[in-house]
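Chemist: how would this look folded up:
(chains A and B, ligands or ions: 2)
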Amino acid sequence: MGKPDFRVQNLHVSVEGKEILKGLNLHIRGGEIHAIMGPNGTGKSTLASSLMGHPHYEVTAGEVVLDGEDVLAMSTDERARAGLFLAMQYPAEVPGVSNANFIRQALNARRGEGNELPVLQFHRKLQEKMKALNIDASFAERYLNEGFSGGEKKRNEILQMSMLEPRIAILDEIDSGLDIDALKIVANGVNQLRSDNIGFLIITHYQRLLNYIVPDHVHVMMQGRIVRSGDAKLAEELEAKGYDWLKKELGIEDETVEVEA
Amino acid sequence: MSEVNTAVSHVHRVAQALGEPSSLLALREAAWRTFQELPQPYVEKTDLRKLTWETGTFSEQVGKVPAEVQTYIDRLQHSYALFVDGLPIDLRLTEEAKAAGVTYCTIHEAPEKAELLWKANFGTVVTGNENKWTALNQALFAGGVFLYAPKGTHIDAPFETIYVWTGGESGAYSRSLVVAAELADIQYAETVFAATTGAKVVNSHVLEIVALADSRVRVSTADAFHRGPTHFVTRRARVGKDAHVLWTVADTSDGLCVELVENELTGAGAKGLARVVGLGHGRAHVELTASMRHVGRHTESEIVMHGALRDKANTIFRSRTEIVKGAVGAGSEQHDRMIMIDGTARADAIPMLLIDENDVQRCGHAASVGKIDPTQVYYLMSRGIPKSIAVQMIIWGYLHDTVESLASDPMRDLVVERIERELSR
Ligand SMILES: Nc1ncnc2c1ncn2[C@@H]1O[C@H](COP(=O)(O)OP(=O)(O)O)[C@@H](O)[C@H]1O
Ligand SMILES: [Mg+2]
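Modeler: Ligands and ions are numbered 1, 2, ... in the order given. Coordinates of the predicted model:
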């Protein structure tokens, strides 16, 4: 398979009848890191969730294509098996299901029937990745996210990503709630994975993470659209001048997704 | 009149077939009269009005051990007793248990083999007059074990009773009695294999446990009561001073069942735990009560009930805590949670607290009925796991801890298989 190619065109998404995304475009190829920045409430998580096929979000117009395949026609699990991965802002807790068992099921689903990873090999690989992410060995047998701290949950998302080796990885606020050491570890996990076989979409509202993961493209989201795109310098500029500078320049008063009554 | 006569002859027939002493026959006859005299009982969530109190005909014909049961038995390494349609087929005692001086025999042999223990305990935990079905059981019981663990016995491997019902109308009423002497620490288990039958009769099963001071008894049950008869199940332990009785009940019945598992925490400092998992499927109607009666001072209990339902099942899980006057300093917890998987199943989670004592340490309860959390399903699917498997994993996760606490590997595997069979349909 060649380099991943992921294209979002004119995406419109509604939640409970209210339009949140209002025509969004993106093009991510293998080897690229795109960052989406924007204040709270501008539709970033909505974008991530609707790309993954969360049942709550209704796509009313637009196209999403991964390697020539129509993503919007796929169920959530099919999207994942096609190579899409979303590190969630608020991952669910599933008591009674061990982390290791969960990751093994996921990995084998992604590899397909007849191509499952032998148990021992799986565990060796899991141990390796856990070590690289500075995750305690007991993690494997703990129940999925149950009683995990915020930071542990984030690291678990990155662990899953590095095990599943997706073609397109979307990270939603992976930096929130992390102290600087944890942030470095998580960033390192992402950088390790960086290659032509994977494209990243990193969602954040702070510039901080982008000191450790240097993006090729930076997009700013407001009112459910990308309002400005640039390179890594754009993130620095935002850090220095704040979102207000851009709002003024664009003539935007309320950057959140305004709701017409 | 003739009905009474046939029934009495029925009692005689059971007693004779089992070669019991005459003292027992008198007990059976008295219980039979009680059974006849007691009015139709009222059970809150189960309509008994249309149900029969016909008993099946007891048969001395030894049934064949079904292949599924044989495969199960072949794996057992611990002490066990096998009954098919109420008749004893096999009873094995491990060398370890023999050396410890354990008494292990059929319940019918006990009046001779352990006369004093028998007299002191039989019918004292589940009496023959508490309701119609316990009376019936005492009149017609056939099949079951007597187990006595002497003072200080510590055996980790369970003693397991396997009850097999091959599908006849079965006039045999199973009953076992377990006595753990002071400081004994044992595991007892009951596993039921029952074929679906068209016979509309009444069935009543009893288990009595006496846990003397400082003993610990862990009890596991794997029940699958199928359609046909009405099944009444009464399992109770009397828990002495500083003794501890822990139940793990795994129920995959699809029949009509009214079940009770109860600890009478009589001794000071007695402790009880009941973990229940149930998978309701088909047209099951299961009303299962897990109950803790606090009688002694500073007694503690915990009830954890987890149910999952499919199809047209109707499952009622009741967690009941009673703290009687004088049981000062009691502590209790209840967790009762049920999830509906699909279909038009009906679940009731009913917490009951009956408190007559003012001095209570703590008394917590939580009960809920709901669907599978869609955010969990979405999360698993977002990693490539198909929906049907995601749902199964979540249900398993939820039942997992209780299934793990069952007495042995074969028993865990059996319960896993029973649940999996219904979940993967
Ligand atoms: N599940 C939902 N139900 C209702 N409204 C939602 C839901 N998800 C998002 N929204 C609304 O969509 C807007 C954008 O939210 P979100 O995508 O979470 O923004 P961000 O991630 O940029 O903070 C907000 O106004 C929010 O109230
Ligand atoms: Mg967000």
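Chemist: From now on I want contacts and neighbour counts done on CA atoms only, so please keep to that.
Modeler: Fine.
Chemist: For B:D311, which residues are in contact?
Modeler: By C-alpha atoms under 8 Å, 6 or more residues apart in numbering or on different chains, B:D311 lies in contact with B:H281, B:G282, B:R283, B:D342, B:G343, B:T344, B:A345.
Chemist: correction: B:I209
Modeler: B:V125, B:L177, B:V178, B:V179, B:A180, B:R236, B:A237, B:R238.
Chemist: Would you indicate which residues of whichever strand or helix holds A:G242 are buried?
Modeler: Following DSSP states H and E, the helix or strand that holds A:G242 is helix A:232-250. Within helix A:232-250, the residues scored as buried using 16 or more other C-alpha atoms under 10 Å in any protein chain shown are A:A232, A:L234, A:A235, A:L238, A:Y243, A:L246.
Chemist: residues contacting B:M411?
Modeler: Applying C-alpha under 8 Å, 6+ apart, the residues near B:M411 are B:T191, B:A222.
Chemist: residues in the stretch 101-250 of chain A within reach of chain B, list them.
Modeler: A:F102, A:Q105, A:A106, A:L107, A:A109, A:R110 (C-alpha under 8 Å from any C-alpha of the partner chain).
Chemist: Is it possible to get CSV of the residues you listed that adds secondary structure?
Modeler: Putting those into CSV (DSSP: H, G, I helix; E, B strand; the rest coil) gives the following:
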residue, secondary structure
A:F102, helix
A:Q105, helix
A:A106, helix
A:L107, helix
A:A109, helix
A:R110, helix
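Chemist: Of those, which is the most crowded?
Modeler: A:A106 (26 neighbours; other C-alpha atoms under 10 Å in any protein chain shown).
Chemist: tell me the contacts of that one?
Modeler: So A:A106 contacts A:L164, B:L380, B:R383, B:G384, B:I385 (C-alpha under 8 Å, 6+ apart).
Chemist: Which two of those have the greatest separation?
Modeler: A:L164 and B:L380 (13.1 Å; C-alpha to C-alpha).
Chemist: Counting neighbours, go ahead and name the busier of these two.
Modeler: Neighbour tally, A:L164 and B:L380, criterion other C-alpha under 10 Å: the higher count belongs to B:L380, 27 against 24.
Chemist: Assign a three-state SS to the more buried one, would you?
Modeler: helix.
Chemist: check contacts around B:D90.
Modeler: For B:D90, counting by C-alpha under 8 Å, 6+ apart, the contacting residues are B:Y80, B:A81, B:L82, B:F83.
Chemist: What is the nearest of the residues you listed to A:T42?
Modeler: Taking these together and measuring to A:T42 by C-alpha to C-alpha, the closest member is B:Y80, at 66.1 Å.
Chemist: Find the nearest non-adjacent residue to that closest one, please.
Modeler: B:E160 (4.5 Å; C-alpha to C-alpha, 6 or more residues apart in numbering or on different chains).
Chemist: any idea which element the one you found lies in?
Modeler: Using DSSP H and E, B:E160 sits in strand B:159-165.
Chemist: how about the CA coordinates for that strand, as CSV?
Modeler: The C-alpha trace of strand B:159-165 is given here as CSV (Å, rounded to 0.1, in the frame of the first residue of the first chain):
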residue,chain,number,x,y,z
PHE,B,159,-16.8,-30.3,47.4
GLU,B,160,-19.2,-30.2,44.5
THR,B,161,-22.6,-31.7,44.1
ILE,B,162,-23.8,-32.2,40.6
TYR,B,163,-27.5,-32.4,40.1
VAL,B,164,-28.7,-33.7,36.7
TRP,B,165,-32.3,-33.7,35.6
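Chemist: tell me how far the helix or strand hosting B:S332 is from the chain's mean position?
Modeler: B:S332 is part of strand B:330-340, with elements assigned from DSSP H and E. Remark: strand B:330-340 is offset 18 Å from the chain centroid, using C-alpha atoms, centre = their mean, to the nearest Å.
Chemist: which helices and strands sit right next to that strand?
Modeler: strand B:300-309, strand B:314-323, strand B:346-355, strand B:360-371 (3 or more C-alpha pairs under 8 Å, 6 or more residues apart in numbering or on different chains; DSSP states H and E).
Chemist: Just give me how far the third one sits from the chain centre.
Modeler: Okay, so that is strand B:346-355. Using C-alpha atoms, centre = their mean, the offset of strand B:346-355 from its chain centre is 19 Å.
Chemist: Same question for it: list its buried residues.
Modeler: So strand B:346-355, judged by 16+ other C-alpha under 10 Å, has buried residues B:R346, B:A347, B:D348, B:A349, B:I350, B:P351, B:L353, B:I355.
Chemist: What of the first one?
Modeler: Applying a neighbour-count criterion of 16+ other C-alpha under 10 Å, one finds B:E300, B:S301, B:E302, B:I303, B:V304, B:M305, B:H306, B:G307, B:A308, B:L309 buried in strand B:300-309.
Chemist: now the angle between strand B:330-340 and it, please.
Modeler: 10 degrees (axes from the mean of the first three to the mean of the last three C-alpha atoms, to 10 degrees).
Chemist: name the helices or strands packed onto strand B:300-309?
Modeler: Using 3+ C-alpha pairs under 8 Å, 6+ apart: strand B:300-309 touches strand B:271-280, strand B:285-294, strand B:314-323, strand B:330-340, helix B:387-404.
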